[in-house]
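1. Could you look at this predicted model? Sequence included:
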Amino acid sequence: MASFSQRVVGALKLQAVTFEEVEHDTTATGQAAVVVLLASLSSGIAFIRYGGLTGVFSNAVWALVSWVFFAGLVWLIGTKIVPGRNTQADLGQLLRTMGFANAPGLLAFIGVIPLLGWPIWFGIVLWTIAATVIAVRQALDYESTSRAVVTVVLAFVAALILTSIFALGSGFRTVVVE
């Protein structure tokens, strides 16, 4: 069994075997949560000038909530709407693999470098998307990466719709200043 740091490096390298290992290690959910939390703090450091310390900590809370919410959507869509022939997964498996898919975000603090912050952040987002697709493919035992891409895209669209409905239903309004 790989150590925590070996798992993080394997996730950074987009190694399917790493995601397969954490999928089956029921004790790795806490490790996955640590990856999500540390990645969100790293991102918060990179963009601290925009949100201050309050932004760093609220980003961490939002990251943990989003991780669980998005993993739940992926589980629902991946097991009920677009399952593969061999798909059999529980929410814990997706939480673990998708948590480690946040490993590229551990490097987000590099985005604090002036003029390079946004390009670095964009690269990390793309890297995280690639890791998420691999994590989903492994957790849902998909035979093709394209099915994992479809599942991630459908979950993302569902998350946008549900978040918008919640925002509108909770009275969130934009303010127009004239």
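-> Received, thanks. Because the structure is predicted, anything quoted here is derived from the model rather than measured.
2. Show me which positions of the worst-scoring helix or strand of the chain on mean pLDDT end up buried.
-> Of all helical and strand segments in the chain, the minimum by mean pLDDT, DSSP states H and E falls on helix 48-76, at a mean of 86. By neighbour count with 16 or more other CB atoms under 10 Å, helix 48-76 contains the buried residues 55-56, 59-60, 63, 67-68, 70-71, 73-76. Backbone N, C-alpha and C define where each C-beta goes, glycine included.
3. Which neighbouring elements make contact with the helix or strand just after that helix?
-> For helix 48-76, the following helix or strand on the C-terminal side (DSSP states H and E) is helix 91-100. If you count contacts as 3 or more CB pairs under 8 Å, 6 or more residues apart in numbering; DSSP states H and E, helix 91-100 packs onto helix 4-12, helix 16-24, helix 29-46, helix 48-76, helix 117-139.
4. mind listing what's buried in the third one?
-> Meaning helix 29-46. Neighbour count says helix 29-46 has 29, 31-44, 46 buried, by 16+ other CB under 10 Å.
5. For Thr128, give its distance to Leu106.
-> Using CB to CB, to the nearest Å, Thr128 is found at 10 Å from Leu106.
6. swap in Ser164?
-> Counting by CB to CB - Ser164 and Leu106 are separated by 30 Å.
7. Among those two, which residue is more densely surrounded?
-> A count of neighbours by other CB atoms under 10 Å puts Leu106 above the other of Ser164 and Leu106, at 19 against 11.
8. returning to that earlier point: rebuild the helices and strands packed on helix 91-100 as JSON lines, extending it with distance to Val149.
-> As requested, the helices and strands packed on helix 91-100 are exported to JSON lines (distance: least, CB to CB, whole Å):
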{"stretch": "helix 4-12", "distance to Val149": "18"}
{"stretch": "helix 16-24", "distance to Val149": "15"}
{"stretch": "helix 29-46", "distance to Val149": "21"}
{"stretch": "helix 48-76", "distance to Val149": "12"}
{"stretch": "helix 117-139", "distance to Val149": "6"}
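9. Tell me which of those helices lies nearest to Ala159.
-> helix 48-76 (5.8 Å; CB to CB).
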